[in-house]
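In: Predicted model and sequence follow; I will ask about them next.
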Amino acid sequence: MPNIVNRAITAEYEELFTSELDALMVQPVGLSVAEANAFRGMLAESKLRMQVVKSTLAKRVLESRGFQLDESVFAGPSALILADGIEEGAAIAAARAVEAWRKKSGKDLPLVKGGVMDGQILGPSQAEGLSKLPTKAEVQSRLLGQILSPAAKLSSQLVSGGRKIAGAIKSHIEKLEDAG
């Protein structure tokens, strides 16, 4: 029977995981206090936040929601990097923030343990690769550009023919005026 603290934490996690979960799981071990605070500040600038979770309770809540989790994701200390105002693409934004932090600090910390994106559990290698993916909005923007590009080229071709004819007529008129 769980104690009162575990029940309170479980209730908090159930509330935390009620919305569509889009997060990155990291191991926040190895950062000094100053580095951890600087990392959290950098996350806040990206509208993200890191929440240290009790692995066994978080695993139990996620499994009750139907997620099949790899044991290695919850081995050792764990923290979720969650959206704090981002509508979608929080896991990608979190992976980019971790990658930027690693470049800035020169360390391979924090370790990326996994993630959840669009209802799918990601392993460590998949979660690491998220930083290289475009967000949904970026993909939509690229797709829209590709859809509109042929129409723009066609309209410019149609206009350019008329422009050439008008230019030829104008130069013929100018020649006639100069001659007359």
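Out: Now that the structure is in, tell me what you want to look at. Numbers count the residues shown, from 1 in each chain.

In: CA atoms of stretch 81-99 as CSV?
Out: Taking C-alpha atoms only, stretch 81-99 is exported to CSV below (Å, rounded to 0.1, in the frame of the first residue of the first chain):
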residue,chain,number,x,y,z
ILE,A,81,11.8,18.5,-20.0
LEU,A,82,8.3,19.7,-20.7
ALA,A,83,6.6,22.5,-22.6
ASP,A,84,5.7,25.6,-20.6
GLY,A,85,3.7,27.4,-23.2
ILE,A,86,4.6,25.6,-26.4
GLU,A,87,1.6,24.2,-28.2
GLU,A,88,3.4,21.4,-30.1
GLY,A,89,6.9,20.2,-30.8
ALA,A,90,8.0,20.3,-27.1
ALA,A,91,10.2,17.2,-27.5
ILE,A,92,12.0,18.7,-30.5
ALA,A,93,12.4,22.1,-28.8
ALA,A,94,13.8,20.3,-25.7
ALA,A,95,16.2,18.2,-27.8
ARG,A,96,17.4,21.4,-29.5
ALA,A,97,17.9,23.1,-26.1
VAL,A,98,19.9,20.2,-24.7
GLU,A,99,22.0,20.1,-27.8
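
In: Next up, identify which helix or strand R102 is on.
Out: According to DSSP states H and E, R102 maps onto helix 90-105.

In: count of residues packed around L122?
Out: By other Cβ atoms under 10 Å, 24 other residues sit near L122. C-beta coordinates here come from the backbone N, C-alpha and C atoms, glycine included.

In: returning to that earlier point: could you look up the next helix or strand downstream of the helix holding R102?
Out: strand 111-117.

In: ok, the spatially most central residue of the chain - contacts?
Out: Centroid-nearest residue in the chain, with Cα atoms, centre = their mean: I92, separated by 2.4 Å. Going by Cβ atoms under 8 Å, 6 or more residues apart in numbering, I92 touches M117, L130, S131, L133, P134, T135.

In: Give me the subset of those lying in strands.
Out: M117 (DSSP state E).

In: Compare the contacts of I92 and tell me which is most surrounded.
Out: M117 (23 neighbours).

In: relative to helix 90-105, how tilted is the lengthiest helix in the chain?
Out: In the chain, assigned by DSSP state H, the helix with the most residues is helix 136-179. With axes from the mean of the first three to the mean of the last three Cα atoms, to 10 degrees applied, the angle from helix 136-179 to helix 90-105 works out at 80 degrees.

In: Between the contacts of I92, which sits nearest N3?
Out: M117 (33.1 Å; Cβ to Cβ).

In: what sits against that closest one?
Out: So M117 contacts D22, A91, I92, L130 (Cβ under 8 Å, 6+ apart).
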